[in-house]
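Enquirer: after the sequence you'll find the predicted model.
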Amino acid sequence: MKAVVCKAWGPADSLVVEDVASPVPGAGQVMIDVKAAGVNFPDVLTVQGKYQVRPELPFTPGNEFAGIVRAVGDGVSAYKPGDRVIGFIRTGAFAEQALAPSDMLMPMPPGMDFGVAAAITLTYGTSHHAIVDRGALQPGETMLVLGAAGGVGLAAIEIGKALGARVIAAASSPEKLAVCKAHGADVLIDYTKEDLREALKAATGGKGPDVIYDPVGGAYSEPALRSIAWRGRHLVVGFANGEIPKLPWNLMLLKGASVVGVFWGDFVRREPQANLAAMRQMLGWMAEGKLRPLVSRRYALSETAQALNDMAERKVTGKVVIVPGEAA
């Protein structure tokens, strides 16, 4: 089979596409023909050796995928060849075939597109874990979403609206904000042109947001935290800006606020049943039309480096996926 291979830490352009041996499922494992694999910001960091978890070199990047079961290992009874599945693995998704533990798979809903199915585990899983589990967002509360036009940002907007909250979307251009509005945002802030604190004050009548969903870090985290409501929760989701902010602790004291870490990958490993319950809830919301994943572009396997570079340069709106069966 063909697979993307990372042989040394570095830029995405150093990745190669090679013929490698097809995986063989062991006990409890499933082999899948990958039809689409989601691209995420952690993939950019992983190939550079900058992510929290460093795989052993060489490896094939990619965490989330959708495809068709080709073979199952001993002890696997939940799946059989021909089943359409959604999966999440630590590495290996950017390939024509992938190997996954059976407990990291779930059935694809009938009629779902493979690209959409591959785009929901990490972004929607992260946002659900952040907002529902860690942030405890309540109906009628207000949530600010930074970097709102990205994959996790749009998922956060939709999940916030599904929970009955008021959602403020902050992004870096009118075009990105238009996408946020189309996915349900109630208030739009262009933080390259508006003062974030003043805009939040105006949008909330001076109260501030109850929950801040922050996958960006950098220069916008502190003004957002300074604007937070009493008993607010600032969710630390990631650092797409590239800079880890240094926040003054007195801000949390003065607002009775919490800064809450969100690490979905370890949540999946430590609490797999809780994660599956969250995914089932979100698939139900999708069936009701409350969640509408946006797949803005599909790349061939040979275009994986370009997909990662587009992600790194923040050119991506919503989600993009790798489609191994398509030619460049």
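Expert: Here it is on my side, so go on.
Enquirer: going forward, measure contacts and count neighbours with C-alpha atoms only.
Expert: Will do.
Enquirer: centre-most residue in the protein?
Expert: The chain has T123 as the residue nearest its centroid, 2.2 Å off, counting by Cα atoms, centre = their mean.
Enquirer: ramachandran angles for it?
Expert: Torsion angles at T123 (phi, psi; degrees, to the nearest 10) stand at phi -70, psi -50.
Enquirer: please apply the same query to K7.
Expert: Main-chain torsions, K7, degrees, to the nearest 10: phi -100, psi -20.
Enquirer: correct me, but it touches L57?
Expert: Yes: counting by Cα atoms under 8 Å, L57 is a contact partner of K7 at 5.8 Å.
Enquirer: before we move on, the earlier item: surely the residue nearest to the centre of the chain is in contact with A155?
Expert: Yes: with contacts counted by Cα under 8 Å, T123 reaches A155, the gap being 6.5 Å.
Enquirer: scan the protein for its longest helix.
Expert: helix 272-287 (DSSP state H).
Enquirer: flag every buried residue along stretch 234-247.
Expert: Within stretch 234-247, the residues scored as buried using 16 or more other Cα atoms under 10 Å are H234, L235, V236, V237, G238, F239, A240, N241.
Enquirer: in strands only, show me those.
Expert: Residues of the buried residues of stretch 234-247 located in strands (DSSP state E): H234, L235, V236.
Enquirer: quick one: the helices in the stretch 151-300 of the chain, in order.
Expert: Counting by DSSP state H, counting those that start in this stretch, the stretch 151-300 of the chain has helices at residues 151-162, 174-182, 196-204, 221-226, 249-255, 264-270, 272-287.
Enquirer: off-centre distance for the longest one?
Expert: Shown here is helix 272-287, whose average C-alpha point lies 15 Å from the average C-alpha point of the whole chain (Cα atoms, centre = their mean, to the nearest Å).
Enquirer: same question, the shortest one
Expert: From the chain centre to the centre of helix 221-226 is a distance of 22 Å (Cα atoms, centre = their mean).
Enquirer: give me the contacts around that helix.
Expert: The contact list for helix 221-226 (Cα atoms under 8 Å, 6 or more residues apart in numbering) reads L196, R197, I212, D214, H234, P245, L247, L251.
Enquirer: buried sites along it?
Expert: Applying 16+ other Cα under 10 Å to helix 221-226 flags S221, E222, A224, L225, R226 as buried.
Enquirer: next: the fifth one.
Expert: By neighbour count, and taking 16+ other Cα under 10 Å as the criterion, the buried residues in helix 249-255 are L251, M252, K255.
Enquirer: S173 against L188, yeah?
Expert: No: contact criterion Cα under 8 Å: S173 and L188 do not qualify, at 10.3 Å.
Enquirer: and those two? Which one has more around it.
Expert: The neighbour count for S173 versus L188, taken as other Cα atoms under 10 Å, is higher for L188 (23 against 14).
Enquirer: ignoring the adjacent residues along the chain, who's closest to that one?
Expert: Once flanking residues are discounted, L188 sits nearest to A169: 5.0 Å by Cα to Cα, 6 or more residues apart in numbering.
Enquirer: what sits against that neighbour?
Expert: A169 touches 144-148, 157, 177, 180, 185-189, counting by Cα under 8 Å, 6+ apart.
Enquirer: if we go to 6 Å?
Expert: Contacts for A169 (Cα atoms under 6 Å, 6 or more residues apart in numbering) come out as V145, A148, A185, L188.
Enquirer: which among these gets closest to E18?
Expert: Closest approach to E18 among those (Cα to Cα): A148, at 35.6 Å.
Enquirer: of K7 and L57, who's got more company?
Expert: Neighbours of K7 and L57, each counted by other Cα under 10 Å, are more numerous for K7; the result is 15 against 12.
Enquirer: with adjacent residues omitted, what lies nearest to that one?
Expert: Counting by Cα to Cα, 6+ apart, the residue nearest K7 is P58, at 4.5 Å.
Enquirer: just checking, the one you found touches C6?
Expert: Yes: counting by Cα atoms under 6 Å, C6 is a contact partner of P58 at 5.5 Å.
Enquirer: neighbour-wise, which of the two wins?
Expert: Neighbour count, other Cα under 10 Å: between P58 and C6, C6 has more, with 24 against 11.
Enquirer: residue contacts, A37?
Expert: A37 makes contact with E64, F65, A93, A118, V321, I322, according to Cα under 6 Å, 6+ apart.
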